[in-house]
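K.L.:
Sharing a model prediction with you, sequence too.
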Amino acid sequence: MLPTLSSPSPLQTRSLREQVYDYLREEMNRGQLQPGAFLDLNAIANRLGISRTPLREALLQLETQGFVTVLPRRGFRLNSLSLDDIRHYYQIIGALEAATLKDCGGALTPGDIQRMRALNADMAAAVADGDFNRYYDLNLAFHEVYLGLSDNRAALALVRSLKQRLYDWPRRAGFVKSWEEHSIAVEHARFLDLLERGALREAAAFLEDVHWSFEVQKDFIHAYYCASQSRGLE
């Protein structure tokens, strides 16, 4: 049964627009809203018991993040994810994460690096258990250790939005185990070794030229995203 949203009480800090946005993102993640489809705003507003105004505001936020396109006289269309999109997103994420590390990596402490090693070990356990959702959350937390040192909110918002676009549209039920294992045991391990040596520029180059390189990761990307056209990739 779908939830009914109501106006926030004085004790609530999240606006109705934010609640609607979270609801739509969850429906996208679950695959209830499919890429390529047009949204029936009246039906969604009636289902949630709200006016179209907060719904349109939430959809405009999703438009800025690349999830939907507004077409004149046709409404909101949910965007599909193409290989070109993925290539472009990898380029942007790699460049911004590398720049962030060069700018802020000097503030990483031995404790931060140890935390990243612990997160990497937890990721390996999640992959062994076949728990992709846990792996995904741990992987985000791993990268957030150094990203969180930055005060460049615009860059961080873009990186986080593009990662959502890559992984949550919709969240795939399975994953390419060999990709995650390689990322953990080879790429993350190499990255951590560079950080421990204080080789920040080398570590940043590794992020951009290997870890977030579309060409380097291309076989894994094809295996994950192109297994079935019905999973949302065109």
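P.N.:
The structure has been received and is ready for your questions.

K.L.:
got a list of what the residue nearest to residue 105 when sequence neighbours are not counted touches?
P.N.:
Spatially, and ignoring its direct neighbours in sequence, residue 105 is nearest to residue 200 (4.3 Å; CB to CB, 6 or more residues apart in numbering). Where you see a C-beta, it was placed from the backbone N, CA and C, and this is true even at glycine. Counting by CB atoms under 8 Å, 6 or more residues apart in numbering, residue 200 touches 101-102, 105-106, 194.

K.L.:
now residue 164
P.N.:
25, 65.

K.L.:
Can you give me the pLDDT of it?
P.N.:
Residue 164 is assigned a pLDDT of 86 by the prediction.

K.L.:
Compile the contacts of residue 200 into CSV and extend it with columns for distance to residue 52, pLDDT and neighbour count.
P.N.:
CSV is the format used below for these (distance: CB to CB, whole Å; pLDDT from 0 to 100; neighbours: other CB atoms under 10 Å):
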residue, distance to residue 52, pLDDT, neighbour count
101, 43, 98, 27
102, 45, 97, 15
105, 46, 96, 21
106, 49, 96, 10
194, 51, 98, 20
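
K.L.:
Which two of those residues have the greatest separation?
P.N.:
Largest separation among the contacts of residue 200 by CB to CB: 106 and 194, giving 13.5 Å.

K.L.:
Residue 42 - how many residues pack around it?
P.N.:
10 (other CB atoms under 10 Å).

K.L.:
Which residues does residue 75 form beta bridges with?
P.N.:
Residue 75 has these beta-bridge partners by DSSP bridges: residue 71.

K.L.:
Let me see the domain layout of this structure.
P.N.:
16-78, 83-231 (automatic domain parsing).

K.L.:
State the distance from the residue nearest to residue 105 to residue 122.
P.N.:
Residue 200 sits 25 Å away from residue 122 when distances are taken as CB to CB, to the nearest Å.

K.L.:
returning to that earlier point: cross the contacts of residue 200 against helices and list the overlap.
P.N.:
101-102, 194 (DSSP state H).

K.L.:
quick one: low-confidence parts of this structure?
P.N.:
The model of the chain has pLDDT under 70 over residues 1-13, 169-171, 173, 227-234.

K.L.:
Can you report how many residues lie near residue 180?
P.N.:
Neighbours of residue 180 (other CB under 10 Å): 21.

K.L.:
Please give the element, helix or strand, for it.
P.N.:
Assessed by DSSP states H and E, residue 180 sits inside helix 177-182.

K.L.:
Quick check: buried residues in that helix?
P.N.:
Of the residues in helix 177-182, 179-180 count as buried by neighbour count, 16 or more other CB atoms under 10 Å.
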